[in-house]
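Chemist: sequence-free structure coming up:
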């Protein structure tokens, strides 16, 4: 049974109460681990100025970071998140320098600061500049912390999904925190502080980060740069919050209560110094409508979730940062019933445990080159329990336990040479799958051999074959599936028992270039993916894009092409690829039992236009063509919540 909501709320309040004395102010700011702001401080004659104080402050709420220029006048701010900033520089007997700038999510920023002697006066004219030129030829949506704080969220257990569906055009929301981008079924990749997560993140498959741990999102639709692969209809780059630079403990605490008897509790706390910092987010929720329900009134729909996220940062030197992310979550929830199932006493429940640890290192090699190393280990354990009394489950009983463990590493090098920004990387990951489930029919009418004269399914459990129908003055059921008879518990069958395991290893390498020349930004790249799992395949994927800016009309037009290598969903992939398991091999339980799923291939073409209008309002439109061989979707076993991937030939 689901634990008492009263005990759950008391537990959350106790945690929050222990930290509320030090939680105050605004939330700590985060950084994107792969970005840097570098530069050099000079005087008007070109001589460098060592010892100048340089400060970088987010435009809005946030913590300032400061550094001192080195003996050669250079300075470095590694690990800066994307967004607007204000840069200030000062040096004794020189006038201060003050400038606003925008850190782009795809390009390191290198600046030259020129300081003038005090007492020198000259008139400076400020004129309107041209519109910003996007770095890549794809539609992007930037979501900062200020917007996150003002948006409603459907659930702590689906914080990322809620943010994406509320802020991103072309995304259709689905039940239970799922969503579908640009006509594709749940084909989404998350990149959390540069850690790739391509498995399903809706609340019925896993536990995801709450929005309380997120500093900013950069969401991309359309043809992605070559650095992204696997599932690419939607790329969500999430930057978590950090305590680095927080000179005193700061944070927030909240308690709430909503409809369907839904108490919530959350804590965000950041603390640190210019060299070390830590940020922790704790969230809890209990609800009488945890999952979306098939009936207007929730029946058997209680659940709760508890999330813990911790991020530790350390600045080892002016050029080297290390980071450690730890995430743990647990959710327990009932499977909502229909009126008939509620009347039968069905009491099915699902439990999910998630854990993730991800260390990373960012090193600025020079004023124009950044190296980042990432590692991770992520594990999901999902268990689905049937009712205590087997025949309370209708029309079938199901028990399941599956685990998904993913571990890997990647190295990324970014270098700016003149008008070119080059980026290359290597990645390896291994996924271990273990799947167990049992199912059996508990409703004698679900797969009955005969119908009554009135067209109703016969509940006579002595009938085993449609040829027996005539003797009983019944009509044969043309849709009867004889392969299900061994698993019909009402007719003396036994539960179908499946246990399978598999390992999937993936390698990837890519190189890409962004070339800005005048009003043009040209991007090109190529990616190589090697997939070695239940099937094997290799994909070479060229990516091309062009962006053109028209300052006079404040218009940006773009076009792109990409070859995409699509990999199968990992959830219950062993089951979906298994053959010969009794009646399973004939596809009698849903669509299960075909050959192992193989990676698909897609050619995608995008064109788009962005128009800046009155007071900076931007209108963005996109048209795309997708031609896919071997796309993926989900099916279910019988009438149960057990979902597994299926593959169709072409779309």
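Modeler: It's in. All values derive from a computational prediction rather than experimental measurement.

Chemist: ok, and the closest non-adjacent residue to the residue nearest to the spatial centre of the chain?
Modeler: The structure's the chain has its C-alpha centroid closest to residue 190; by CA atoms, centre = their mean the separation is 3.2 Å. Taking CB to CB, 6 or more residues apart in numbering, and ignoring the residues beside it in sequence, residue 190 has residue 197 as its nearest neighbour in space, at 4.2 Å. Backbone N, C-alpha and C define where each C-beta goes, glycine included.

Chemist: That neighbour touches residue 189, doesn't it?
Modeler: Yes - distance between residue 197 and residue 189: 7.2 Å, which falls inside the contact criterion (CB atoms under 8 Å).

Chemist: Between the two, which has more neighbouring residues?
Modeler: Legend: neighbour count by other CB atoms under 10 Å for residue 197 and residue 189, higher for residue 197 (23 against 20).

Chemist: Contact partners for residue 465?
Modeler: By CB atoms under 8 Å, 6 or more residues apart in numbering, the residues touching residue 465 are 449, 482.

Chemist: just residue 522 next, same as before
Modeler: Contacts of residue 522 were listed using CB under 8 Å, 6+ apart, and they are 514-516, 545-547.

Chemist: Derive a ChimeraX selection command for the buried subset of these.
Modeler: Provided next is the ChimeraX selection string for whichever of these are buried by 16 or more other CB atoms under 10 Å:
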select :514,516,545,547
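
Chemist: Dump the contacts of residue 522 to CSV, plus secondary structure and pLDDT.
Modeler: Formatted as CSV, those follow (DSSP: H, G, I helix; E, B strand; the rest coil; pLDDT from 0 to 100):
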residue, secondary structure, pLDDT
514, strand, 88
515, strand, 88
516, strand, 82
545, strand, 93
546, strand, 94
547, strand, 92
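
Chemist: Of all pairs in the contacts of residue 522, which one is the farthest apart?
Modeler: The most widely separated members of the contacts of residue 522 are 516 and 545, with 12.5 Å between them, by CB to CB.

Chemist: what about the chain, any weak spots by pLDDT?
Modeler: In the prediction, the chain carries residues with pLDDT under 70 at positions 1-35, 45-47, 59-64, 71-72, 105-108, 117-136, 154-157, 367, 579-594, 638-640.

Chemist: how about the helices in it?
Modeler: Read by DSSP state H, the chain holds these helices, from start to end of the chain: 5-19, 145-150, 159-167, 339-344, 573-577.

Chemist: Domain-wise, how is the chain divided?
Modeler: Following automatic domain parsing, one gets these domains for the chain: 36-115, 139-441+498-650, 450-487.

Chemist: and the nearest residue to residue 298 once chain neighbours are set aside, how far is that from residue 342?
Modeler: Nearest residue to residue 298, sequence neighbours excluded (CB to CB, 6+ apart): residue 289, at 4.4 Å. With distances defined as CB to CB, to the nearest Å, the gap from residue 289 to residue 342 amounts to 14 Å.

Chemist: How about residue 467?
Modeler: Counting by CB to CB, the gap from residue 467 to residue 342 is 37 Å.

Chemist: Those two - which one has more neighbours?
Modeler: Here residue 467 and residue 342 are set side by side on neighbour count (other CB under 10 Å), and the busier one is residue 342, at 15 against 11.

Chemist: mind checking how far the more buried one is from residue 335?
Modeler: When distance is defined by CB to CB, residue 342 is 11 Å away from residue 335.

Chemist: what do these two both touch?
Modeler: When contacts are counted by CB under 8 Å, 6+ apart, residue 342 and residue 335 have residue 300 as shared neighbours.

Chemist: My understanding was that the residue nearest to the centre of the chain contacts residue 160; is that so?
Modeler: Yes - with contact taken as CB under 8 Å, residue 190 and residue 160 are classed as touching, separated by 6.9 Å.

Chemist: Report the contact partners of the residue nearest to residue 190.
Modeler: The contact partners of residue 197, by CB under 8 Å, 6+ apart, come to 189-191, 378.

Chemist: let's see 10 Å
Modeler: The neighbours of residue 197, taking CB atoms under 10 Å, 6 or more residues apart in numbering as the test, are 160, 188-191, 206, 208-209, 230, 236, 238, 356, 358, 376, 378, 406.

Chemist: which of these lies closest to residue 144?
Modeler: residue 238 (12.1 Å).

Chemist: and that closest one, bridged to which residues?
Modeler: The residues paired with residue 238 through beta bridges, assigned by DSSP bridges, are residue 192, residue 217.

Chemist: My guess is it contacts residue 188. True?
Modeler: No - using CB atoms under 10 Å, residue 238 is not in contact with residue 188, being 11.8 Å away.

Chemist: Overlap of the contact sets of those two?
Modeler: Residues touching both residue 238 and residue 188 comprise 160, 164, 197, 219, with contact defined as CB under 10 Å, 6+ apart.

Chemist: so which pair among these is furthest apart in space?
Modeler: Using CB to CB, the pair of the shared contacts of residue 238 and residue 188 lying farthest apart is 197 and 219, separated by 14.4 Å.

Chemist: all strands for the stretch 201-350 of the chain, in order.
Modeler: In the stretch 201-350 of the chain, strands defined by DSSP state E, counting those that start in this stretch lie at 214-221, 234-240, 250-258, 262-272, 276-287, 303-315, 320-334, 349-366, listed in chain order.

Chemist: Turn the ones you listed into a markdown table, including mean neighbour count and distance to residue 419.
Modeler: Written out in a markdown table, the entries for the strands of the stretch 201-350 of the chain read as follows (neighbours: other CB atoms under 10 Å; distance: least, CB to CB, whole Å):
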| stretch | mean neighbour count | distance to residue 419 |
| --- | --- | --- |
| strand 214-221 | 24 | 23 |
| strand 234-240 | 25 | 24 |
| strand 250-258 | 16 | 40 |
| strand 262-272 | 23 | 37 |
| strand 276-287 | 24 | 35 |
| strand 303-315 | 22 | 31 |
| strand 320-334 | 20 | 28 |
| strand 349-366 | 19 | 17 |
